[in-house]
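Peer 1: Predicted model follows, preceded by the sequence.
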Amino acid sequence: MSGAADRAGSALAFAAARTALPAPQAGQGAQAVRSLEEAGDFSGRCFLFLQGPASPFGFRLARTLARRGARIVKVHLCGGDLVFWPARARLFRGRLEDWPAHLERLMAEESVSDVVLFGDCRPYHAPAVRLGHARGTRLHLLEEGYVRPGWITCERRGVNAHSDLPRAPDSLREAAAVAEPPARAPLPEPFARRALWDVAWNAGFAALAPLFHRYRRHTLAHPAVDYAGWIVRWLSSSTAIKRDRAARARLGEGARYFLLPLQLEGDYQMRAHSNFRSVEEVVRLVLASFARAAPTEELLAVKRHPYDTSLPATRRMVERVAGEFGLAERIVFIEGGDIEPLVAASAGVVLVNSTTALQALRHAKPLKVLGHATYDMPGLAHQGPLDGFWHEAPVPDPDLVDAYRRVVVARTQVAGGFFAPAAIDRAVAGLVARMAKEARPA
């Protein structure tokens, strides 16, 4: 990339981001300050930053590392990346198929020691992960917290089913000897701010689309379609609340029910960590088994994903499939609200690969996993066929549940968040302290 394009990208970034970045928080808290004080010197390390969450988190992290001696290289892949990065950066405007070779040259020329990115399955990130493993580069693969709220995820090998977490009970118990970080009260992350920052990111994406016309989005739906769905949800929210009130009242009448939390079709939990091609395929598989094998007096509660903007299409799809299997009177569709009370009162939970699983384990509910997940092991989840789950699934082993949570938190979770200034401060402090302790991979 030419120096002129580099300078143009820097100017565009500053203009877009200077009003979006909140001022640093004076009261990060004693723990955050101690974490930064304990972090070592990063001189001699070069951090390559790719795409991060739609928030100032990435820039705050890079700024903190730079102040401790690290060299920072940032690559913008699309206009949205400029919105929260008020500093010099490189632009990649080439084709996706040219990206791996470009990335390899860049990492060699800059002697990159560390790579930081959010979402290891994104089309521009998956090659970076593969190249990082091949080069022995430290990888800091970020994702929203496995344990929510109040945590973010940072993995070394891969996120979710790509993780290097133990996959067998014996190795999990052995790893559980590590000390668990102390629990912390979650810091509030208002949805309104998260939504505003998402709009800002997509505004930058749209405004600078001609500059990055070869960019390939990682999302299946166009942002305009997604936002239209949110508007429809808002306009129909009063009707949805009334339906949910009646549905939850029916479940509260003492009927035994199982819970199926739906996932987003475009989520990599579905696209990369399962063999399903659509949410309807999941619904068909589960409802067919429920009709065939579940006791006739039991119900199945189907919970919409909180970020699903395809309503009423999702509700109508579930109703249509339920009718096809003769389950119209046994399926209860829940559109909104907190899922934890539904988990706590259920007879069991069946899902693809979701953080709802941790709630099921915490409440000692039988769990059936249909996708690829680190918690799909004997003692935590039902290992037999789905048909048998409805009447023979054992409750999780409480000692193994405790071991799983301790290992997950100790190895992969950092206290804080991506979408509020105080939560970002806490996450940056914890992540920098963790980065300072990591040795270069063999």
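Peer 2: Right, received. Where do you want to start? Numbering: from 1, shown residues only.
Peer 1: For the stretch 101-250 of the chain, just list every one of the strands.
Peer 2: Using DSSP state E, counting those that start in this stretch, the strands of the stretch 101-250 of the chain run over 114-118, 138-144, 151-155.
Peer 1: Parallel or antiparallel, which strands does the longest one pair with?
Peer 2: Using DSSP bridges, the strands paired with strand 138-144 are strand 114-118 (parallel), strand 151-155 (antiparallel).
Peer 1: Could you give the average pLDDT over the first one?
Peer 2: Pointing back at strand 114-118 there. The pLDDT scores in strand 114-118 average 98.
Peer 1: next one: stretch 204-211
Peer 2: Averaged over stretch 204-211, pLDDT sits at 95.
Peer 1: Check stretch 416-426 too.
Peer 2: 96.
Peer 1: mind giving me the domain ranges of this protein?
Peer 2: 3-208+412-437, 239-406 (automatic domain parsing).
Peer 1: now those as a markdown table including mean neighbour count?
Peer 2: For every residue, glycine as well, the C-beta is placed using N, CA and C. Converted to a markdown table, the domains of the chain look like this (neighbours: other C-beta atoms under 10 Å):
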| stretch | mean neighbour count |
| --- | --- |
| domain 3-208+412-437 | 18 |
| domain 239-406 | 18 |
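Peer 1: Check what pLDDT the nearest residue to residue 216 once chain neighbours are set aside gets.
Peer 2: In space, and not counting its chain neighbours, residue 216 is closest to residue 96: 4.9 Å by C-beta to C-beta, 6 or more residues apart in numbering. Per-residue confidence (pLDDT) for residue 96: 97.
Peer 1: Same question for the one 3 residues further on.
Peer 2: The score at residue 99 is 98. That number is its pLDDT.
Peer 1: Over to the one 10 residues further on?
Peer 2: You'll see residue 109 listed with a pLDDT of 97.
Peer 1: and residue 59, how far is that from residue 376?
Peer 2: Distance of residue 59 to residue 376, computed by C-beta to C-beta, to the nearest Å: 36 Å.
Peer 1: Oops, could you answer that again for residue 390 instead?
Peer 2: In this structure, residue 390 and residue 376 are 18 Å apart, going by C-beta to C-beta.
Peer 1: before we move on, back to that, possible to save the strands of the stretch 101-250 of the chain as a markdown table with distance to residue 168?
Peer 2: As requested, the strands of the stretch 101-250 of the chain are exported to a markdown table (distance: least, C-beta to C-beta, whole Å):
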| stretch | distance to residue 168 |
| --- | --- |
| strand 114-118 | 29 |
| strand 138-144 | 23 |
| strand 151-155 | 19 |
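Peer 1: Tell me which of those strands sits nearest to residue 300.
Peer 2: Evaluated over the strands of the stretch 101-250 of the chain, closeness to residue 300 peaks at strand 138-144, with 27.3 Å, by C-beta to C-beta.
Peer 1: Identify the residues contacting stretch 129-137?
Peer 2: 100, 103-104, 107, 112-115, 117, 120, 138-139, 141, 157-158, 440-442 (C-beta atoms under 8 Å, 6 or more residues apart in numbering).
Peer 1: model confidence over it, on average?
Peer 2: The average pLDDT within stretch 129-137 is 97.
Peer 1: same question, stretch 355-374
Peer 2: Averaging pLDDT along stretch 355-374 gives 96.
Peer 1: can you give me the end-to-end distance of that stretch?
Peer 2: 11 Å (C-alpha to C-alpha, to the nearest Å).
Peer 1: quick revisit: of the strands of the stretch 101-250 of the chain, which is nearest residue 422?
Peer 2: strand 151-155 (13.6 Å).
Peer 1: who touches the closest one?
Peer 2: Taking C-beta under 8 Å, 6+ apart as the rule, strand 151-155 contacts 120, 139-146, 159, 162-164, 409, 412-418, 427, 431, 434.
Peer 1: Same question for stretch 108-116.
Peer 2: Under C-beta under 8 Å, 6+ apart, the answer for stretch 108-116 is 44-50, 52, 58, 61-62, 71, 73, 106-107, 128-129, 132, 137-140, 142, 435, 440.
Peer 1: Which of those residues fall within helices?
Peer 2: 58, 61-62, 106-107, 128-129, 132, 435 (DSSP state H).
Peer 1: a markdown table for those, including distance to residue 185?
Peer 2: Output for the ones in helices among the contacts of stretch 108-116, formatted as a markdown table (distance: C-beta to C-beta, whole Å):
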| residue | distance to residue 185 |
| --- | --- |
| 58 | 25 |
| 61 | 22 |
| 62 | 27 |
| 106 | 41 |
| 107 | 39 |
| 128 | 34 |
| 129 | 33 |
| 132 | 34 |
| 435 | 24 |
